[in-house]
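Sequence plus predicted model, see below.
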Amino acid sequence: PIDAEIDFEGALAQRQEQARQLNTFCQDVFQKAGLDVRHFTTANTATDIVGLVDALGYERYNLHGTSYGTRLALAIMRDHGDSGLRSVVLDSTAPYHAEASQLIRDVRRPHDQVRRLFADCAADPICADAYPDLEQRFIALLASMETAPLQIDGKTIGADELVAVISDLSATRPNYMPQMIADLEQGVAETFSGLQTQQLGLEPPEPQESSIDPALQAFLTNMMMSYAAQGDEETDIFGFMADELGTVASQDDPRASIIQLVEDNFEGDVLQGLLAQLNGITDDALAELAAGLEATASDVEVDEEALAADMLLHSQSDSYLLRHVVDCHEEVPFESLDDALAEYGRLEIPQLGGAKSELIQAVANCTGWDLAEVDPVDNEPVVSDIPTLILQGEFDMATPLGWGQLAVESLEQGTLAFVPLQGHEVWTQENPCVNTIATAFLTDPTQAPDLSCLADRKARFCLLYTSPSPRDGTKDLVCRLLLEKWGGGGGG
């Protein structure tokens, strides 16, 4: 992992003391307010939801849970299966199961997801022919870059930079990873730079219907992600987008104002990448963006005080109290830190192991809470015959693919839908195929879901072509056209 040399015991002790002070203070504040954190459990929340359903007068109802919401849905299935629950959709499942260890998950990400990418290539005849022995080649390349970082076009590319790029398997970035490895072996950084600066792989795995010009949408996404990458956890991404793009509406030349915006906020390769993207956007698309921003600005009266309060609320990415109390009561007590640390020794590619600081945070955050007694049922699989659809993304690093497989084993009428080229959260994203599957399931949970459309989401790996040369300026266009056509032939 990137922090392999960390003083683990010292860092753990320091974090535990910080957490003890914070948690003790928080618990005291809530007790004085008449609230007992020992009642903040998933089982109690499940009871509240069933009570709400009853109060609303629903005799039959369906559940859709995402991430932790799947754990809550499973608790309802376990404790209130006779409450009129008709069907359940579990999206990115966090199951009750002894083998679903958060600490071991933290060790094995992004390791397992990247190795799955290599397995996908090996299983694809065209990719396997173009990039044979890809995993071993990556291991050799990584080891070489650890001792001798690459020097290409005046840039230094080390092992840490390579790990950072290959760990981001969002959208269609996996399609370009094999070529990136082959390029770097030859001392060429073109594909690496395209991925690092978010110019490649932004296309969704499925065709999307959008009123926004695709090139403009990709540019805005890249700009937002690049702004986030150069900040810290306090960076207000949406404030940046709202404030800076808001100036575009008041300018006569939208292109000139966006160029100025980019030059004021970015530099180096990121700046050049954004300007190159902007060159590919038509004047009509930029004019439409400016018109839309102007209409929004004129139609909406902003309550600055309310907006500030809302931004403060949403700047807290998680409910600290609820999240850690639940984890510390229902998951961490069943985990072994020694087992998690030993897991590093089982990784085929140790450099892809998760940061040890994540283990420190997960364990230390439980220091100082006075919680309810642990219930062994929270470590046992939920058994149910309620029709259940499990949506699990191939490259999910928060709730790994294996967790969905564990959950479905004890669900008599459970169906696991494995979604290629998908990370955490499936149905909440714009996935037409998944939406069709889930909607049909809810319409009639007694019918086996038709998962055939998922076959079209498999990776379409970009290949090295002899004509035109992959080293000329048309390489990116060739790869993009092939991926759009979902072809894949043409030499290797």
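Happy to help now that I have it.

What residues sit buried inside stretch 353-366?
353-366 (16 or more other C-beta atoms under 10 Å). Using the backbone N, CA and C atoms, a C-beta is placed for each residue, glycine as well.

Which ones among the residues you listed map onto helices?
Lys356, Ser357, Glu358, Leu359, Ile360, Gln361, Ala362, Val363, Ala364 (DSSP state H).

What distance do you get for the fifth one to Ala19?
The reference is to Ile360. The gap separating Ile360 from Ala19 is 10 Å, by C-beta to C-beta, to the nearest Å.

cool, the third one as well?
According to C-beta to C-beta, Glu358 stands 14 Å off from Ala19.

Could you tell me whether Leu416 really is in a helix?
No - with DSSP: H, G, I helix; E, B strand; the rest coil as the criterion, Leu416 is located in strand rather than a helix.

if I look at it, how far off is Ala407?
For Leu416 relative to Ala407 (C-beta to C-beta), the value is 8 Å.

Please apply the same query to Ala276.
Taken as C-beta to C-beta, the span from Ala276 to Ala407 is 44 Å.

Can you show me the strands along the stretch 1-150 of the chain?
Shown for the stretch 1-150 of the chain, the strands assigned by DSSP state E, counting those that start in this stretch span residues 61-67, 85-93, 150-152.

so which of the ones in helices among the buried residues of stretch 353-366 would you say is closest to Thr388?
Ala362 (28.1 Å; C-beta to C-beta).

So in the protein, where's the weakest helix or strand by average pLDDT?
Least confident helix or strand of the chain, by mean pLDDT, DSSP states H and E, is helix 475-485 with a mean of 42.

circling back: Leu416 and Ala407 - which one has more neighbours?
Applying other C-beta atoms under 10 Å to Leu416 and Ala407 shows that Ala407 carries more neighbours, namely 27 against 19.

Need the overlap of contacts for Leu416 and Ala407.
Common contacts of Leu416 and Ala407 (C-beta atoms under 8 Å, 6 or more residues apart in numbering): Ile390.

what residue ranges in the stretch 301-450 of the chain score low on pLDDT?
Low-confidence segments of the stretch 301-450 of the chain (pLDDT under 70): 301-321, 430.

let's go with 50 and repeat that
Filtered on pLDDT under 50, the stretch 301-450 of the chain yields the residue ranges 302, 304, 307-318.

How far does the helix or strand containing Gln217 sit from its chain's centre?
Using DSSP states H and E, Gln217 sits within helix 214-229. Offset of helix 214-229 from its chain centre (C-alpha atoms, centre = their mean, to the nearest Å): 16 Å.

can you pull the buried residues of it?
Result for helix 214-229 [16+ other C-beta under 10 Å]: buried residues Ala215, Leu216, Gln217, Ala218, Phe219, Leu220, Asn222, Met223, Met224, Met225, Ser226, Tyr227.

how about the nearest residue to Gly404, chain neighbours excluded?
Gln392 (3.3 Å; C-beta to C-beta, 6 or more residues apart in numbering).

Oh, that last question was meant for Val262, not what I typed.
Going by C-beta to C-beta, 6+ apart, Val262 has Leu274 as its nearest residue, at 4.9 Å.

so the one you found makes contact with Phe219?
Yes - using C-beta atoms under 8 Å, Leu274 is in contact with Phe219, at 7.0 Å.

got the contact list for stretch 21-39?
Stretch 21-39 has contacts (C-beta under 8 Å, 6+ apart) with Tyr320, Leu321, His324, Val325, Asn365, Thr367, Gly368, Trp369, Asp370, Leu371, Ala372.

Which residue is the nearest non-sequential neighbour of the fourth one?
It stands for Val325. Phe40 is the one closest to Val325 (C-beta to C-beta, 6+ apart), at 4.8 Å.

does that neighbour really touch Arg323, like I thought?
No - between Phe40 and Arg323 there is no contact under C-beta under 8 Å: 10.0 Å.

Those two: which is more packed in?
More crowded of Phe40 and Arg323, by other C-beta under 10 Å: Phe40, with 20 against 13.

and that one, how far is that from Pro376?
19 Å.

likewise Thr436?
Distance of Thr436 to Pro376, given as C-beta to C-beta: 40 Å.

Repeat that for Gln217.
Counting by C-beta to C-beta - Gln217 and Pro376 are separated by 49 Å.
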